[in-house]
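Student: task: produce atomic coordinates for the following.
(3 chains)
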Amino acid sequence: MKTFTEYLYFETKKKREYRNITDEVEEIVKKSGIEDGMALVSAMHITAGIYVNDAESGLIQDIDDWLRRLAPDGLDYRHHRTGETNGDAHLKNLLIGHQVIIPITIGRLDLGTWQQVYYAEFDGQRKKRVVVKVMGK
Amino acid sequence: MKTFTEYLYFETKKKREYRNITDEVEEIVKKSGIEDGMALVSAMHITAGIYVNDAESGLIQDIDDWLRRLAPDGLDYRHHRTGETNGDAHLKNLLIGHQVIIPITIGRLDLGTWQQVYYAEFDGQRKKRVVVKVMGK
Amino acid sequence: MKTFTEYLYFETKKKREYRNITDEVEEIVKKSGIEDGMALVSAMHITAGIYVNDAESGLIQDIDDWLRRLAPDGLDYRHHRTGETNGDAHLKNLLIGHQVIIPITIGRLDLGTWQQVYYAEFDGQRKKRVVVKVMGK
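Tutor: This next block holds a predicted model:
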């Protein structure tokens, strides 16, 4: 059994941003030399998410609108009594999820035709980190 | 360490459909010969989900109602400018999630009494695929 | 390859309760002797969740408020025709998710500074169970 771990770093220009990281994850899997197994892609922050969906710009805007509708900013969150102002970003993280597992088959990400891996930033403009851990043989 | 991979295929009659796939997943785990480990069950589409919950028909209807309330169809999604009409199905996929990991103990799915694995179709009436990857010893 | 499995038991005093289980999970990982791999933490019930977020009491209250807003109790769920009264708890489970995978690096949970693992009870006051399965080397 082999394992391989690498970290991706992000510092987005905008507060909320959606970045396709499929190629970076695929690159890490190649470097791992693992032919069959799983790759865990997991945000190491509580105000950012990882999800799998379409690389279509209209849909990405729909996802952003939807997250803002179901986990709105501008509310008087109790969390803000600590001095923070990002209560909404925590809820967006819980809604979209902070991790996915990508199956690896014959050395490649075993994804469907339209499945792309996204890093979703909800409280950016500072350094953030994602762990990619590959496990298999 | 052993790995074992199989694909399940679905072509639902209705646009939205919920199908209990616990037995199919259990069957794949048996075939794998893996006694201890994990089984990843992951939809290979961005308009279908996988979740674990109850096999109770009233609740399944409640889940469908809830998904339609939080990720409604009939909205003017930007994604529809591409000619697609399934923006809601993408959001339902993100809400319910597209994958679960089932622990395997003594060669069986290590699930609680009421936990059943479901394939949730949100844009059916065409061929869809789920990957089941088992990893362990 | 090594695997290690243990179960955590909960019987909360309140119907809804949020419990930080990071230390229990870390303890299980230590006992496993696994230095590099993944720990699956998965609720074995369909009315309880597992999530990763902040150990800040205001935010925990915000999460509870948010779950009640998006998956309200007091509705006439079809599931209640079976005699059950916990339709909302099933939806809260689906919203927050019932499992997370924690990467393990150098024998420790490879979490970000603020990431804590939570057990979220939505229909408590009875015995519940969480499986923790560690896999790696």
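
Student: please pick out the residue of chain A most distant from its centre.
Tutor: Going by Cα atoms, centre = their mean, the residue of chain A most distant from its centre is A:Arg81, 27.6 Å out.

Student: ok, that residue to chain B distance?
Tutor: 28 Å (Cβ to the nearest Cβ, to the nearest Å). C-beta coordinates here come from the backbone N, C-alpha and C atoms, glycine included.

Student: quick one: pLDDT of the closest residue to that residue other than its chain neighbours?
Tutor: Nearest non-adjacent residue to A:Arg81, counting by Cβ to Cβ, 6 or more residues apart in numbering or on different chains: C:Gly58, 5.4 Å away. C:Gly58 is assigned a pLDDT of 98 by the prediction.

Student: what about C:Gly58, which SS state?
Tutor: C:Gly58 falls in the helix class when you classify it by DSSP: H, G, I helix; E, B strand; the rest coil.

Student: Provide a list of residues in contact with it.
Tutor: Counting by Cβ atoms under 8 Å, 6 or more residues apart in numbering or on different chains, C:Gly58 touches A:Tyr77, A:Arg78, A:His79, A:His80, A:Arg81, A:Thr82.

Student: what number of residues lie near the second one?
Tutor: In other words, A:Arg78. Per other Cβ atoms under 10 Å in any protein chain shown, the neighbour tally for A:Arg78 reads 18.

Student: not counting sequence-adjacent ones, nearest residue to it?
Tutor: Nearest to A:Arg78 is C:Gly58, by Cβ to Cβ, 6+ apart, at 3.5 Å.

Student: ok, now the first one?
Tutor: The shortest distance from A:Tyr77 to any residue that is not its chain neighbour, by Cβ to Cβ, 6+ apart, is 2.9 Å, and that residue is A:Gly87.

Student: just the strands from chain A, written as ranges.
Tutor: A:2-10, A:17-20, A:37-43, A:48-53, A:99-105, A:108-109, A:116-121, A:128-136 (DSSP state E).

Student: what lies in contact with the fourth one?
Tutor: Under the criterion Cβ under 8 Å, 6+ apart, residues A:10, A:41-43, A:59, A:63, A:89, A:92-93, A:95-100, A:102, A:111, A:115-124, A:128, A:130, B:46, B:90, B:93-94, B:98 lie in contact with strand A:48-53.

Student: quick one: average pLDDT of it?
Tutor: Looking at strand A:48-53 alone, the average pLDDT works out to 98.

Student: mind checking pLDDT for the residue farthest from the centre of chain A?
Tutor: pLDDT at A:Arg81 comes out at 97.

Student: hmm, back to that, closest one of the contacts of C:Gly58 to chain B?
Tutor: The closest of the contacts of C:Gly58 to chain B turns out to be A:Tyr77 (Cβ to the nearest Cβ; 19.8 Å).

Student: bridged to the most centrally placed residue in chain A, which residues?
Tutor: Nearest to the geometric centre of chain A sits A:Ile50, at 2.1 Å (Cα atoms, centre = their mean). Counting by DSSP bridges, A:Ile50 forms beta bridges with A:Tyr119.
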